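> turn this into a structure:
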Amino acid sequence: MSFSIHINHEKQLLYVEGQGMITAADIDQYYPSLKAVSGIEHCDKALVNLAEMGVSLKAAPIKRIRSLGLLFKHGPVLPEGAKIAIVVRSTLAFGFVRLFMASRGERVTIRPFKSMQQAMYWLSIVEQDVLQAKL
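Next up, the predicted model:
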């Protein structure tokens, strides 16, 4: 699996980290994986890290990303008003996040970032909050 999913219950923070080549199968498995995580429905902040070296969205079909956005729109896993920061490295990935945002709707606020520090600042979290999620 190309995604690891962690929760810091105290900070109500969902932390998702991508690894390697993200494929169509990984995208299809992402939503069910999130739904299976205990306590996710209480997370009002999410940090999705797709900026690590080796992460690539080149094999991710645009149709799958749009479908994933629609799935989240009709079957949300985070509470209304949640903030999702998605950290990416490339312009292509930044565009994919914009496509996901357009499909996702207005129930939550999603913003792409090219810096982990900017994303954490926007979510009002610190690095220690992310590290605690990974424990």
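> every contact and neighbour count from this point should use C-alpha atoms.
Noted.
> middle-most residue in this structure, spatially?
Centroid check for the chain by Cα atoms, centre = their mean gives Val48 as the closest residue, at 3.5 Å.
> which ones are touching Val97?
Ile86, Arg111, Pro112 (Cα atoms under 8 Å, 6 or more residues apart in numbering).
> this structure: helices as residue ranges?
Ranges of helices within the chain are 24-35, 62-74, 91-104, 116-123, 127-134, based on DSSP state H.
> quick one: buried residues of the first one?
What that stands for is helix 24-35. Judged by neighbour count using 16 or more other Cα atoms under 10 Å, the buried positions of helix 24-35 are Ala24, Asp26, Ile27, Tyr30, Tyr31, Leu34.
> got it, and the third one?
Using 16+ other Cα under 10 Å as the burial criterion, the residues of helix 91-104 that qualify are Ala93, Phe94, Phe96, Val97, Arg98, Leu99, Phe100, Met101, Ser103, Arg104.
> ok so, going back, ok, of the buried residues of helix 24-35, which one's closest to Val55?
The shortest distance between Val55 and any of the buried residues of helix 24-35, using Cα to Cα, involves Asp26 and amounts to 12.4 Å.
> dump the worst-scoring helix or strand of the chain on mean pLDDT to CSV, keeping only the CA atoms.
Taking all helices and strands of the chain together, the one with the lowest average confidence (mean pLDDT, DSSP states H and E) is helix 91-104, at a mean of 75. The C-alpha atoms that make up helix 91-104 are tabulated as CSV, following Å, rounded to 0.1, in the frame of the first residue of the first chain:
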residue,chain,number,x,y,z
THR,A,91,3.2,21.2,-10.3
LEU,A,92,1.4,18.0,-11.6
ALA,A,93,0.5,16.9,-8.1
PHE,A,94,-0.6,20.5,-7.3
GLY,A,95,-3.0,20.3,-10.3
PHE,A,96,-4.3,16.9,-9.1
VAL,A,97,-5.1,18.4,-5.7
ARG,A,98,-7.0,21.1,-7.5
LEU,A,99,-9.0,18.5,-9.4
PHE,A,100,-9.7,16.6,-6.2
MET,A,101,-10.9,19.9,-4.6
ALA,A,102,-13.3,20.7,-7.5
SER,A,103,-14.8,17.2,-7.2
ARG,A,104,-15.0,17.2,-3.4
